[in-house]
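S.K.: Below are the sequence and a predicted model; questions follow.
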Amino acid sequence: MNMLRKCLFTICLSAISWGSSCEAAVLTPDVEAVAEVYGDGAALSAVILDYGQPIESSSVEAADFHVPGRNIIQAYVADHAAMGKQKLTAGKYVVLELEQLPMTEQGMEPVHDEKDRAARKKAGKNGPELGSHGNPKPLKKITAEVQQQGMLKGTDGTLYPPTSTLKSSFTRELLVENFKQGIFTDPKQNNAQLMYNLYIPENYDPQKAYPLVLFMHDAGTVSPENMATLYQGKGAVAWTTPEWQAKHPCFVLAPQYDTVIVNDDYQYGPELDRTIHLVKDLLDKYNIDKKRIYNTGQSMGGMTSIAMDVKYPDFFAASYLVACKWDEKVTAPLGAQNIWAVAAGGDPGASPSMTKILNGLEQNGAKVLRQTLDLTAPQTEINKQAANMIVPDCHIYYTLYNGGSHRSTWQHAYDLQPAMEWIFAQHK
């Protein structure tokens, strides 16, 4: 708190003690937590306080608040409970935007149960067993605590003194909240079911055809919780941001698998065909452009993408393959498809496998362009280098992150805007 405001605080307290008309608010603000999905999962990104009455913007500073364990990068008033700094002189909401936490791989281990893990290790195999359920954990609930440390002033002269620690009463989940949950019953598989999350474009017009992105999660997100796939990383939500939807309004489909659907022996379960059947079912319900259906996935989901491209070579307009592998002896059909693959040099599975796949496609006459990017470089520079690789006569690209790891690949892949833009430029 600056010196002038300290003086105001002291004067006001003195006035209150002498029974002056200087009024200090008694009611404490309601607190809302704002959760956002990053490359390594969901985390608290902002705290919004509702004071019920307009607060003067000039009385609000980041130093007036404390959020345990987090840095407040800016504080401002707003006239509605949303992020996005507005040039207002007053507003009944105070928005505290938080600095993003360093990304970590904690909590991103594949979910193998111990018996399965031991058996696979003894057999010389690393991945989980096809059809296994692992040991999924409940979805993490994101909440917020905040303490007002400075004095705020309302437009009516009311002064709002410091508070004790306040806890959030509600959590808003950015982007995730825009998906609808459903369960598909597949008549072609004896009414077997598949959970899914579907983003429908805002202001959907049934007279207009829209692209669809199919995102499939990794083995670490195998879960009976329908929405788990939306929280672990940006593979689903990246296509639903206001910025992306303004340029590319589209459907986004994110199935939730409760079992492992592919394994390291390059076998897949019935969920692969069930997912294709789900997409076809949506084609009957919505005006989806059949020439612009795209698939993407990370690890297990990327392996499923490749398996789909092999079995259904004419179904997808393009594929964005992230941190995945497959049997190079059966991937020849990819040579005629639009592919952008991403892996990390430090990934002992995906990197060598994808190299073998792409080498095989080249030997069969396909043109493949490759690049190596430095993960420590600013994202703007990474995107610039990726954009410079694109040429008109190539339909297969390979981005290799220098170093990195299996899971760090998808922490960054869905920020690689040129690759995503290229995917959306493709048509069957």
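M.R.: Okay, I see it.

S.K.: helix, strand or coil for the spatially most central residue of the chain?
M.R.: Centroid check for the chain by C-alpha atoms, centre = their mean gives residue 234 as the closest residue, at 2.1 Å. Three-state assignment for residue 234 (DSSP: H, G, I helix; E, B strand; the rest coil): coil.

S.K.: Could you report the separation of the closest residue to it other than its chain neighbours from residue 379?
M.R.: Closest residue in space to residue 234, ignoring its immediate chain neighbours: residue 414 at 4.0 Å, by C-beta to C-beta, 6 or more residues apart in numbering. Bear in mind the C-beta positions are built from the backbone N, C-alpha and C, glycine included. Using C-beta to C-beta, to the nearest Å, residue 414 is found at 11 Å from residue 379.

S.K.: about what we covered before: can you tell me how far the residue nearest to the centre of the chain sits from residue 190?
M.R.: Taking C-beta to C-beta, one finds residue 234 at 35 Å from residue 190.

S.K.: re the thing from before, isn't the residue nearest to the centre of the chain up against residue 415?
M.R.: Yes: here residue 234 reaches residue 415: they are 7.3 Å apart, a contact under C-beta atoms under 8 Å.

S.K.: list the residues that contact both of those two?
M.R.: Residues touching both residue 234 and residue 415 (C-beta atoms under 8 Å, 6 or more residues apart in numbering) are residue 39.

S.K.: what comes up buried for the helix or strand where residue 304 lies?
M.R.: Using DSSP states H and E, residue 304 sits in helix 300-311. Neighbour-count burial for helix 300-311 flags 300, 301, 302, 303, 304, 305, 306, 307, 308, 309, 310 (criterion: 16 or more other C-beta atoms under 10 Å).

S.K.: so what's the third one up against?
M.R.: By C-beta under 8 Å, 6+ apart, the contact set of residue 302 is 216, 218, 296, 321, 322, 323, 324, 350.

S.K.: Go ahead and confirm residue 233 touches residue 39.
M.R.: Yes: if you go by C-beta under 8 Å, residue 233 and residue 39 touch, sitting 5.5 Å apart.

S.K.: overlap in contacts of the two?
M.R.: Joint contacts of residue 233 and residue 39 (C-beta under 8 Å, 6+ apart) are 410, 411, 414.

S.K.: Next, count neighbours for the last one.
M.R.: If I follow you right, that is residue 414. Each residue near residue 414 was counted by other C-beta atoms under 10 Å, and the total is 24.

S.K.: cool, the first one as well?
M.R.: Using other C-beta under 10 Å, residue 410 is surrounded by 28 other residues.

S.K.: Could you say which helix or strand holds it?
M.R.: helix 406-412.

S.K.: Quick check, the residue nearest to residue 234 in contact with residue 241.
M.R.: No: Residue 414 is beyond contact range of residue 241, at 10.3 Å (criterion: C-beta under 8 Å).

S.K.: For the two, list the residues in contact with both.
M.R.: Contacts common to residue 414 and residue 241, judged by C-beta under 8 Å, 6+ apart, are absent.

S.K.: Is the residue nearest to residue 234 in a helix, a strand, or coil?
M.R.: helix.

S.K.: can you map out the strands along the stretch 51-200 of the chain?
M.R.: Under the criterion DSSP state E, counting those that start in this stretch, the stretch 51-200 of the chain contains strands at 65-66, 72-78, 90-98, 145-148, 152-153, 159-160, 166-167, 170-173, 179-186, 192-199.

S.K.: Alpha carbons of stretch 301-313, as PDB, please.
M.R.: Taking C-alpha atoms only, stretch 301-313 is exported to PDB below (Å, rounded to 0.1, in the frame of the first residue of the first chain):
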ATOM      1  CA  GLY A 301      -4.600 -41.000 -28.500                       C
ATOM      2  CA  GLY A 302      -1.900 -40.400 -31.200                       C
ATOM      3  CA  MET A 303      -1.400 -44.100 -31.600                       C
ATOM      4  CA  THR A 304      -5.200 -44.400 -32.100                       C
ATOM      5  CA  SER A 305      -5.000 -41.600 -34.700                       C
ATOM      6  CA  ILE A 306      -2.400 -43.500 -36.700                       C
ATOM      7  CA  ALA A 307      -4.400 -46.800 -36.400                       C
ATOM      8  CA  MET A 308      -7.500 -44.900 -37.700                       C
ATOM      9  CA  ASP A 309      -5.500 -43.400 -40.600                       C
ATOM     10  CA  VAL A 310      -4.400 -46.900 -41.500                       C
ATOM     11  CA  LYS A 311      -7.800 -48.500 -41.300                       C
ATOM     12  CA  TYR A 312      -9.800 -45.500 -42.600                       C
ATOM     13  CA  PRO A 313      -7.400 -43.800 -45.000                       C
END
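
S.K.: still on that earlier bit, which residues are in contact with the helix holding residue 410?
M.R.: With contacts defined as C-beta under 8 Å, 6+ apart, helix 406-412 is touched by 38-40, 103, 105, 108, 218, 220, 233-235, 298-299, 322-323, 342-344, 346-350, 375, 382, 401, 404.
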